[in-house]
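Peer 1: Starting from these lines, generate the structure:
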Amino acid sequence: MSNPIRLALIGSGGISSAHAAGILAHSDKVKCVALCDVSEENLEKRSAQLGGGPIAKYHDWRKMLSEMGSDIDAVDICLPHHLHAPAIFDAVAAGKAVLCEKPMCINLDEADRIVAAVERAGVLYMSAHNQLFTPALQEMKRRIDAGAIGKVRWIRSQDCFIAGKGAFEGKWRSNLKSQGGGELIDTGYHPSYRLMYLAGAEVAAVRGNMGRFEHAIQGEDTASVQVRFTNGVMGEIFTSWAMTRPYGTHDLHVVGDLGEIFGTGNRIWQLMRGEKEPAETVLPVVDTFTAQIACFADCVRNGTQPPHGPQEGREVLRIILKAAESADGWQETAPVQLEEPALA
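Peer 2: Take a look at the predicted model:
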């Protein structure tokens, strides 16, 4: 396929703005031909961002898939979590390539059915794990695989920030039925797949600890997860909407038997055993959403496999659900209590 792929954006609010920016940045590879959202305001806002023009607008993705048919090559799903699986099933049944925001879905039954449906249909599915394209992560992975710090023993992956008061209350993220969990299945998805990517092995055991400190949501707003991998690597995930990343730490930190490497964004440091000061490397800045869109378009155009497909999306979800299961009972001591939120 030499022409730009014809993409339909299913879900035109929130995170879709970052996806739209990636579409605009790679107009030689991808063209948005349709938008779908229940909100007319979201449709108009995203259409304007994409430059207006001949972009079809729909309120129902099933109608869009039916009416546009072969005029769509692929879909990009940016919906609330509980709608991911239904949209994936319909897109796959229509023979479309799929890019889906995290999480892939909200339970393992859905995940298994998605994996089976994708394999049966023979379509391309890419998990939208945009932080795989972070420069620090990519360079750390390259050095780890090259043996720069020896045999890896321990990895920490973090993603923390303070979300504004009332950021989620009364919205779909506050309800377990639509969110599928709390912070860990949302922002926490990023440090989870980054950890899995760096460890390079299957997960052997998971244990979680959770808290709700600031936000009146049904799930947690902070999670700490311990992971043991089959290759012996010890892993830690720390993620929060109630606190910033602990001072002096980084998004990623890996310790091997010969040294350690750590970093955030486009900067990394490497410190070998016996050395007193780490060596810093500053890498070119990358917009991870833009890079993700380009990668997806290339995979569709060239028939190549994405960095994370449905199996990886399922495994990240499994880590998160296992952590939540092992942390059962934390709600009894959560500082913030709440009323039953509406499903919105």
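Peer 1: who are the neighbours of the helix ranked longest in the chain, in terms of helices and strands?
Peer 2: Counting by DSSP state H, the longest helix found in the chain is helix 310-326. Packed against helix 310-326 by the contact rule (3 or more Cβ pairs under 8 Å, 6 or more residues apart in numbering; DSSP states H and E) you find helix 108-121, strand 125-128, helix 189-199, strand 203-211, strand 222-229. From N, CA and C alone the C-beta is placed, and that goes for glycine too.
Peer 1: Output the contacting helices and strands for the third one.
Peer 2: This points to helix 189-199. Helix 189-199 packs on helix 135-145, strand 152-160, strand 222-229, strand 234-240, strand 252-256, helix 310-326, going by 3+ Cβ pairs under 8 Å, 6+ apart.
Peer 1: List the contacts of that helix.
Peer 2: 102-103, 127, 129, 131-132, 134, 137, 140-141, 144, 152, 155, 157-159, 184, 203, 225, 227, 229, 231, 233, 235-239, 251-252, 254, 308, 312, 315-316, 319-320 (Cβ atoms under 8 Å, 6 or more residues apart in numbering).
Peer 1: Read off the pLDDT value for residue 141.
Peer 2: Residue 141 carries a pLDDT score of 98 in this model.
Peer 1: List only buried entries from the contacts of helix 189-199.
Peer 2: Buried members of the contacts of helix 189-199, counted by 16 or more other Cβ atoms under 10 Å: 102-103, 127, 129, 131-132, 134, 137, 140-141, 144, 152, 155, 157-159, 184, 203, 225, 227, 229, 233, 235-239, 251-252, 254, 308, 312, 315-316, 319-320.
Peer 1: before we move on, back to that, let's have the helices and strands packed on helix 310-326 in TSV, adding distance to residue 66 and mean pLDDT.
Peer 2: Converted to TSV, the helices and strands packed on helix 310-326 look like this (distance: least, Cβ to Cβ, whole Å; pLDDT from 0 to 100):
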stretch	distance to residue 66	mean pLDDT
helix 108-121	17	98
strand 125-128	21	98
helix 189-199	31	98
strand 203-211	40	97
strand 222-229	40	98
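Peer 1: so which of these comes closest to residue 180?
Peer 2: Nearest to residue 180 among the helices and strands packed on helix 310-326 is helix 108-121; the distance by Cβ to Cβ comes to 9.5 Å.
Peer 1: Measure how the closest one sits relative to helix 310-326, angle-wise.
Peer 2: Helix 108-121 and helix 310-326 are oriented at 170 degrees to each other (axes from the mean of the first three to the mean of the last three Cα atoms, to 10 degrees).
Peer 1: Could you list every helix and strand in contact with helix 108-121?
Peer 2: helix 84-93, helix 310-326.
Peer 1: So for the longest one, what gets flagged as buried?
Peer 2: Right, the one you point to is helix 310-326. Neighbour-count burial for helix 310-326 [16+ other Cβ under 10 Å]: 310, 312-317, 319-324, 326.
Peer 1: Rebuild the helices and strands packed on helix 108-121 as a markdown table, extending it with mean pLDDT and distance to residue 247.
Peer 2: Below are those laid out as a markdown table (pLDDT from 0 to 100; distance: least, Cβ to Cβ, whole Å):
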| stretch | mean pLDDT | distance to residue 247 |
| --- | --- | --- |
| helix 84-93 | 98 | 35 |
| helix 310-326 | 97 | 25 |
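Peer 1: helices and strands of the chain: which one bottoms out on pLDDT?
Peer 2: helix 176-179 (a mean of 92; mean pLDDT, DSSP states H and E).
Peer 1: Okay, buried residues for that helix please.
Peer 2: For helix 176-179, by 16+ other Cβ under 10 Å, it's 176, 178, 179.
Peer 1: Kindly report the same for stretch 212-219.
Peer 2: 212, 214, 215, 216, 217, 218, 219.
Peer 1: will you turn the buried residues of helix 176-179 into a markdown table that also has distance to residue 42?
Peer 2: Output for these, formatted as a markdown table (distance: Cβ to Cβ, whole Å):
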| residue | distance to residue 42 |
| --- | --- |
| 176 | 24 |
| 178 | 17 |
| 179 | 19 |
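Peer 1: I'm done for today, thanks for sticking with me.
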